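*Asks:* Kindly return the folded structure for what I paste below:
(one chain, ligands or ions: 1)
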Amino acid sequence: MQEEHTITIPFLKKDEADLTPEEARLLKQAKEATYRSYSPYSRFSVGAAALLEDGTIVEGSNQENAAYPSGLCAERTAVFYAKSRYPDKAVVLLCVVARDTSGQFTDRPIPPCGACCQVLMETESRQTTPLRVMLYGRQGTYFIDTVKNLLPIHFDASYL
Ligand code: THU
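*Replies:* Got it, this is the predicted structure:
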């Protein structure tokens with residue numbers, strides 16, 4: 001017996017002009033964070049800004065290393081810092097942006113890597129409210145309402 005399953009992932013695409021003031025603020029801070037990226041190897045500067053439930057915004061950028069795997073993505077830098085500083089505050093919205101080797105913000109929305117999705121999944125599971133993800137590109141911004149939609153088939157503590 002075999003059966004085919006299909007997963008559909010809903011997301012919203014918005015123009016920059018249609019962002020709410022709160023979303024626009026988070027985007028501005030994520031863009032600013034790209035200028036604090038340490039990415040001499042890839043020259044790909046990623047910024048992330050996490051909005052916490054009380055309105056606090058925590059930023060992160062990718063931090064590379066000559067021993068390449070020792071570096072860390074912007075998303076995990078931001079979320080790990082947020083949870084180490086404010087362990088009991090839910091992360092409401094995470095914005096991710098990047099500038100490519102030309103120095104321009106990317107046209108396409110920048111998706112978190114698999115390892116970051118995995119960390120975002122567990123971050124969401126620690127809170128009762130969804131963690132929304134906002135992926136910016138010059139051609140539009142994608143809004144994903146829950147990390148489960150980024151990584152629908154995922155490993156978590158329930159399998160241990
Ligand atoms: N990177 C991030 O920081 N976030 C992503 O979503 C994708 C990739 C970083 C890792 C590395 O420093 C550089 O971008 C190129 O892969």
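
*Asks:* From the chain's centroid, how far away is the lengthiest helix in the chain?
*Replies:* Ordering each helix of the chain by length in residues (DSSP state H) puts helix 21-34 first. On the basis of CA atoms, centre = their mean, to the nearest Å, helix 21-34 sits 12 Å off its chain's mean C-alpha point.

*Asks:* Return the set of buried residues in it.
*Replies:* 23, 25, 26, 27, 29, 30, 31, 33, 34 (16 or more other CB atoms under 10 Å). C-beta here means a position set from N, CA and C on the backbone, and glycine is covered the same way.

*Asks:* Residue 133 versus the first one, what's the distance?
*Replies:* Just to be clear, that refers to residue 23. From residue 23 across to residue 133, the span is 12 Å (CB to CB, to the nearest Å).

*Asks:* burial measure for the spatially closest residue to residue 14 that is not a sequence neighbour, as a count.
*Replies:* Nearest non-adjacent residue to residue 14, counting by CB to CB, 6 or more residues apart in numbering: residue 141, 5.2 Å away. By the criterion of other CB atoms under 10 Å, residue 141 has 22 neighbours.
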